[in-house]
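J.: starting from these lines, generate the structure:
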Amino acid sequence: MTHTTRVSRIWLGVAVLAIALSALAVAAAALYHADTTRPVGEGELFFEEATAAATGVDEQVGSGMSLDVAVRSIRHALGIEAVSAIDPDGVVVSSTSASLVGTQITNPYVAFVHSTGRFGAIAGPTPLAIQIDEVDEWPAGAVLYQVVQPLDEGWSLSLHYDVAGLLARRAGERRVHPLTLQLAGAAVLLLLTGVVLLWGRSVAKRRIAESLREAEILAQRSQELEEHNRRLDEARTQAERALALAEETNRVRSEFVLMINHELRTPLTSVITGTDLLRAGELGDEQRTALLEDMQRDGGRLMELISNMLAVARIENRGLDYALRPTAVSDVLAGVAASTGAVGEAVADPAVADRHLRTDRDGLTHLLVSLAENAVTHGASSVAIRAATELPGEPDHCVGSVADGAVHFLVVDDGPGFDPAFLPRAFEKFEKHSFSSGTGLGLYVVRLMADAIEAAVSVFTGPGGTTMAVSVPSVSAADRVAA
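T.: This next block holds a predicted model:
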């Protein structure tokens with residue numbers, strides 16, 4: 001909803017409200033005039049006010065108000081001379097006129113009302129003076145209207161009206177009360193206000209409609225232009241991404257072709273050349289043994305290269321099917337020590353010896369062994385693995401997020417370390433030092449395995465060696481029991 005529409009509806013609502021209030025003012029004036037000009041002193045008036053007084057006393061006393069306060073409240077509400085409460089024995093127990101309290105009513109009329117339980121009204125002299133604020137306003141013998149309204153359990157309520165006052169009210173019946181005139185004037189004013197508002201709204205609405213149509217056309221044109229620009233931006237962004245992806249793909253493809261050409265050609269050349277020399281039969285026993293060992297080493301290197309490429313393809317196509325369950329740190333280290341001879345030692349700090357991890361034992365073992373073998377492949381002469389509660393410092397590079405309370409497996413080697421410029425790309429596919437051997441897939445596979453077991457890998461490197469920290473989430477004793 002537009003701002004103009006809201007304003008128009010508010011305008012219309014105010015106009016309708018003004019007209020409705022005008023109608024209510026007319027109705028109120030008519031009702032008030034009818035009430036002020038109603039004949040007084042008749043039984044209908046006495047009955048209505050007596051009934052209202054009885055209901056008021058019952059409600060106020062029922063809500064906890066004292067009988068004296070309730071009687072005084074009714075007198076002020078009706079604006080009459082006196083109100084009294086009479087018990088079943090005909091004794092006035094409460095009254096707005098103190099002179100009546102304790103009086104025994106012997107009037108046979110009151111006794112009749114008590115006995116029949118019906119409303120009644122009579123004009124007659126009062127046996128005692130009626131006071132208002134302890135002043136005798138009506139002396140004994142003064143003629144007053146006495147209205148008696150029965151209450152529950154034999155009680156009754158007595159109302160006194162001054163005859164002269166009723167006659168004065170009757171004399172004013174034919175006048176128009178000032179409040180009636182005020183209500184009628186307010187009704188006329190509200191009606192005129194509503195009519196003016198409706199007329200002003202219709203004029204303003206016609207003028208605003210044209211402006212709204214023009215604004216809608218401009219907004220539509222602006223929206224179409226913004227949509228066109230947005231599509232152009234999206235197309236440009238997609239084109240830039242596609243170009244960057246194509247360039248990266250070409251770079252990786254070129255480097256992969258060069259790497260494969262070098263890594264495959266070297267061992268194949270060794271195997272073919274060795275085969276030719278063996279066929280020639282011109283080698284001595286020692287030369288033949290050395291040649292066979294070289295051919296076996298190059299063949300193993302060739303098999304490792306093919307296995308790594310097949311492993312990466314299998315992982316990328318099918319993923320790693322690891323089951324994460326509570327596993328003891330000691331079991332992992334035992335598996336590492338049994339899986340490779342490249343590890344000099346595999347120990348745990350006393351603080352983590354009894355800890356349990358949420359991991360896959362075989363997957364974590366394979367990951368640690370891969371890091372150890374990768375270190376040996378790239379120049380390390382010794383590798384040690386240790387389980388600790390703390391990292392050795394601020395890592396130079398990190399893959400994944402280290403969980404709170406994790407156990408850290410530190411793979412420490414004495415190799416040449418990483419080139420700081422190369423380190424951010426070390427865990428990408430086919431990325432490697434230009435001078436190093438291998439396919440550039442070792443650390444890429446490590447990253448895939450770490451992701452699969454929800455672990456993080458941190459690198460601490462320098463000229464004196466490298467520490468690879470594998471951080472694995474730990475589990476509590478309660479979690480182990482639940483599992």
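
J.: poorly predicted segments of the stretch 251-400 of the chain, please.
T.: Within the stretch 251-400 of the chain, the segments meeting pLDDT under 70 span 251-265, 301, 304, 307-321, 340-344.

J.: all the helices of it, residue numbers only.
T.: Per DSSP state H, counting those that start in this stretch, the stretch 251-400 of the chain carries helices over the ranges 285-318, 329-339, 361-377.

J.: can you tell me which of those is most buried?
T.: Highest mean neighbour count of the helices of the stretch 251-400 of the chain: helix 361-377, a mean of 22 (counted as mean count of other C-beta atoms under 10 Å). Yep, even glycine has a C-beta here, placed from its N, CA and C like the rest.

J.: helix 329-339 and that helix, what's the angle between them?
T.: 50 degrees (axes from the mean of the first three to the mean of the last three C-alpha atoms, to 10 degrees).

J.: just the C-alphas of helix 361-377, formatted as CSV.
T.: Output of helix 361-377 as CSV, limited to C-alpha atoms (Å, rounded to 0.1, in the frame of the first residue of the first chain):
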residue,chain,number,x,y,z
ARG,A,361,40.7,-45.6,13.2
ASP,A,362,41.8,-46.9,9.8
GLY,A,363,41.2,-43.5,8.1
LEU,A,364,43.2,-41.6,10.7
THR,A,365,46.0,-44.2,10.6
HIS,A,366,46.2,-44.0,6.8
LEU,A,367,46.2,-40.2,7.1
LEU,A,368,49.2,-40.1,9.5
VAL,A,369,51.1,-42.8,7.6
SER,A,370,50.6,-40.8,4.4
LEU,A,371,52.0,-37.7,6.0
ALA,A,372,55.0,-39.6,7.3
GLU,A,373,55.7,-41.2,3.9
ASN,A,374,55.3,-37.9,2.1
ALA,A,375,57.9,-36.4,4.4
VAL,A,376,60.4,-39.1,3.6
THR,A,377,59.6,-38.8,-0.1
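
J.: domains for this structure, by residue range?
T.: Domain assignment of the chain by automatic domain parsing yields the ranges 64-165, 325-482.

J.: redo the ones you listed as a markdown table? Include distance to I208.
T.: Below are these laid out as a markdown table (distance: least, C-beta to C-beta, whole Å):
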| stretch | distance to I208 |
| --- | --- |
| domain 64-165 | 53 |
| domain 325-482 | 58 |
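
J.: closest one to Q238 among these?
T.: domain 325-482 (23.4 Å; C-beta to C-beta).

J.: and the domains of the chain: which comes nearest T55?
T.: The minimum distance between T55 and the domains of the chain falls on domain 64-165, with 9.7 Å, by C-beta to C-beta.

J.: the helices of the stretch 251-400 of the chain: which one's closest to L278?
T.: Nearest to L278, of the helices of the stretch 251-400 of the chain and by C-beta to C-beta, is helix 285-318 at 6.9 Å.

J.: so P416 sits in a strand?
T.: No. Using DSSP: H, G, I helix; E, B strand; the rest coil, the secondary structure at P416 is coil, not a strand.

J.: ok, it - contacts?
T.: H378, G379, P463 (C-beta atoms under 8 Å, 6 or more residues apart in numbering).
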